[in-house]
Structures are given as structure tokens and as C-alpha cells.
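1. Quick one, fold the following:
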Amino acid sequence: MDYSHLVFKVDNIHDNIETYKKIGFNVIFESEDQALIQNKNVNILLRINDDNKIVFFDETLEKSYYFVDKSNNRIEINNKRIQKYNTLPNIVTMHYNCDVSTLFNTIVNPNGWDKWYTNGMTMNLIENGEIKVRWLSELFNEEICDEGIIHNIRKNEIFEFSWNKSQNIYKSRVKMKFYESQYNGSWINIEERNVVLTDEDMQVKLLCASGWGEMLTLAKFFIEKGITLEEK
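-> Take a look at the predicted model:
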């Protein structure tokens, strides 16, 4: 049997990160309510809202199982190893032939990206406001829904939120920056950092990387050419 992963419930993410840094841990991902830290042999996921958990890997198992010890720690015996991915953020930048206020209001508004990309998106545009997203994929004949929470809004400058909700945590944090350009237009820069612990998490990260490019390209058609996805 091989050790794989730890989850610790903590009261303060930042203070715990600083403690683990002193003993050689690196920060792979950090948000307000969770952080993934790692050294040569150990993954630790620090969470505000979770229970302490220890996961062991045993490839000989036919079926995974768990039990709770006397200290109320969840002990999992799993036949699928948690991977240790060191991943770079998804980063995408695009230029638009419009002023920065138009670009910001198109991307950041109560109805989200429904006019050109989503199929039922809402944003409560306050700090800690909720985001709800719904896509309908004709290619894969499926409906995809997600939820998020807003961390920071600065008009015409920054929009920051978490999404990719899994149980009670968000596995992706997005920061959008808006700039005026010298080409009589404006720029948007998007940086997304993901928690990547499994092959499935990596697949989501890669799909998001291509998805941002698609979303911004369709937004460009909408802003500059007036092309929408809405039914006439």
C-alpha cells in the first residue's frame, strides 16, 4: 500500500500555507477557501469547509472503501492514485475594437454571456455574489451546469471569481483584467488557476483552456459584428 493524499480542515488558509512553506512545501494552488500544497512525496489539500481525510493507494484493490477512525478522520483506501500535477495557469488575451467600458459591460453583466455563448447564465454583481452557468452543447448533445462565487469587481479593470464547483469547493479561480489599448480599442487578459489532482481534473483544465479561446472569439463577433446566438 502506498500513501497518496491528505485533506486538512483549517481555520485560516494563508497562515497554514506560511507554516508549511517553512518545512519545504510549495503552493500549487491557493484561493480564499482552499489551497493545494506539495513537497517531493506528499499532497496536502487545505480546506476551510471539509473534514480531515487520509487517502491511501492500493492498486490491487477491486473496489475502494473508507472508514472513520476514533478521532473522526475519514480514512480512504483507494485503487486510483491521486496524481501530482504541477500545472501552469490557463492564460488567454484578446483585443477588441471597442472602448474598455463596452468590453467590460459585455463580459460582466447580470445575464452573463448568453447573447453569444451560454444558455442561461446569471451573475449577482456584488462581492460574494453567486454565478450560475448553463451551456447546451449541440456537438456532444449535453447540458453542462456550473456555479461560482465572485471575489472582486473593479469597474472597467478587474473581475475575479471562482467556479468549477465540486461538492462544496470551487476548483478553478479566474482573474480577468481589462485595459485600454493604443490601437483605439481594448484588451482582456484572463488567467485561470485550477486544482488538478486527477486525470479528470486535467481534462477539465484542458477543456477550459480551449473554451476560453472560443468564448472570447465569439464575444469578438458579437461586439464587433453584432452576431449573436439568440433565436430570432
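2. which residue packs closest to the residue positioned nearest the centre of the chain, ignoring adjacent ones?
-> Nearest residue to the geometric centre of the chain (Cα atoms, centre = their mean): Ser172, 1.1 Å. Excluding the flanking residues, the one nearest Ser172 by Cβ to Cβ, 6 or more residues apart in numbering is Asn164, at 3.7 Å. C-beta: built from backbone N, CA, C; applies to glycine.
3. Could you do Lys115 as well?
-> Excluding its sequence neighbours, the residue lying closest to Lys115 (Cβ to Cβ, 6+ apart) is Thr228, at 4.8 Å.
4. contacting residues around that neighbour?
-> 115-116, 222 (Cβ atoms under 8 Å, 6 or more residues apart in numbering).
5. and with 10 Å instead?
-> By Cβ atoms under 10 Å, 6 or more residues apart in numbering, the contact list for Thr228 reads 114-117, 218, 221-222.
6. which ones are touching the closest residue to Trp113 other than its chain neighbours?
-> Nearest residue to Trp113 in three dimensions, chain neighbours excluded: Met121, at 5.8 Å (Cβ to Cβ, 6+ apart). For Met121, the contact set (Cβ under 10 Å, 6+ apart) comprises 109-115, 131-135, 146.
7. Poorly predicted segments of the protein, please.
-> 1-4, 40-41, 50, 57, 59, 79-87, 139-140, 230-232 (pLDDT under 70).
8. Okay, helices next: where are they in it?
-> 13-21, 100-107, 199-225 (DSSP state H).
9. between the ones you listed, which gets nearest to Lys70?
-> helix 13-21 (24.3 Å; Cβ to Cβ).
10. Flag every buried residue along that closest one.
-> For helix 13-21, the neighbour count (16 or more other Cβ atoms under 10 Å) marks 13, 16-17, 20 as buried.
11. will you turn the contacts of Thr228 into CSV that also has distance to Asp51?
-> Shown next, in CSV, are the contacts of Thr228 (distance: Cβ to Cβ, whole Å):
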residue, distance to Asp51
Asp114, 37
Lys115, 42
Trp116, 41
Tyr117, 37
Leu218, 41
Phe221, 46
Phe222, 44
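12. Turn these into TSV, columns for neighbour count and distance to Phe29.
-> Listed next are the contacts of Thr228 as TSV, based on neighbours: other Cβ atoms under 10 Å; distance: Cβ to Cβ, whole Å:
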residue	neighbour count	distance to Phe29
Asp114	17	29
Lys115	19	32
Trp116	18	30
Tyr117	20	26
Leu218	17	28
Phe221	13	33
Phe222	17	32
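13. can you list the domain ranges for this structure.
-> Domain ranges of the chain: 2-78, 90-225, per automatic domain parsing.
14. Could you single out the most deeply buried of those?
-> Highest mean neighbour count among the domains of the chain (mean count of other Cβ atoms under 10 Å): domain 90-225, with a mean of 16.
15. Next, the distance between the ends of that one.
-> End-to-end distance for domain 90-225: 27 Å, by Cα to Cα, to the nearest Å.
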